[in-house]
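Participant: Sequence plus predicted model, see below.
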Amino acid sequence: DAKTTQPTSMDCAEGRAANLPCNHSTISGNEYVYWYRQIHSQGPQYIIHGLKNNETNEMASLIITEDRKSSTLILPHATLRDTAVYYCIVSRGNTGKLIFGQGTTLQVKP
Amino acid sequence: GAGVSQSPSNKVTEKGKDVELRCDPISGHTALYWYRQRLGQGLEFLIYFQGNSAPDKSGLPSDRFSAERTGESVSTLTIQRTQQEDSAVYLCASSSFDSRVSPLHFGNGTRLTVT
């Protein structure tokens, strides 16, 4: 599975949009982009995934560049409860292990 | 419905003892994963079960670690002769195989402390 690169940490003001970038320049054509987040002392929580089209659900939006080498997770109106570590993963799907990197620690501030 | 359940939530053991950690996946989920997370670190893959296929054990750090799963139900992760470096949160996840992209559902983990 392709590796991903994410910033170590980011801050966001409460009520503003949080835009979390992820680089996956070696992604192959059959690999999906997944996002999970982990709130302190809990197991990771699935957020969203996509292949090449932009995706939106009740939690977030996922914007994937046309060349698929990078993506951005958007939390449209961040709240204090969105403070967490956000993991970007690329994988061929649930045909095997998902490799989690170090993720981005998002701190939402009042 | 019920999520992934792990027990115990906390375990303190003495160095050299064996421990068993249990994971009850979501009913009907055929795929089951174990991960380890040391303090302040990311998730480290340990083992993956999918139905009746041979498990992917490529992440097990040593032969002191083993895991079993009977059918599509409960899984047990066993650590023999525990060492202090085994102290971590052990996370279990399950997913369905309805489609290739079914997300993982995680439990809240077992926090293992080896003294």
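Facilitator: Alright, I've got the coordinates. For clarity, every value in this text was computed on a predicted model and none was experimentally measured. Numbers count the residues shown, from 1 in each chain, chains lettered A, B, ... in the order given.

Participant: helices and strands of chain B: which one has the lowest mean pLDDT?
Facilitator: strand B:44-50 (a mean of 92; mean pLDDT, DSSP states H and E).

Participant: C-terminal to that one, what's the next element?
Facilitator: Next helix or strand after strand B:44-50 toward the C-terminus (DSSP states H and E): strand B:65-69.

Participant: Could you tell me which strands sit next to the next helix or strand after that following strand in the sheet, and their orientation?
Facilitator: Once the chain leaves strand B:65-69, the next helix or strand it forms, by DSSP H and E, is strand B:75-79. Looking at strand B:75-79 with DSSP bridges, its partner strands are strand B:19-24 (antiparallel), strand B:65-69 (antiparallel).

Participant: hmm, who's touching strand B:75-79?
Facilitator: For strand B:75-79, contacts defined as Cβ atoms under 8 Å, 6 or more residues apart in numbering or on different chains pick out B:18-23, B:25, B:32, B:34, B:46-47, B:49, B:64-69, B:86, B:90, B:92, B:112. Placement of C-beta: from N, CA and C, glycine included.

Participant: Pull out the buried positions in that strand.
Facilitator: B:Ser75, B:Leu77, B:Ile79 (16 or more other Cβ atoms under 10 Å in any protein chain shown).

Participant: That one vs strand B:44-50, what angle?
Facilitator: Interaxial angle of strand B:75-79 relative to strand B:44-50 (axes from the mean of the first three to the mean of the last three Cα atoms, to 10 degrees): 140 degrees.
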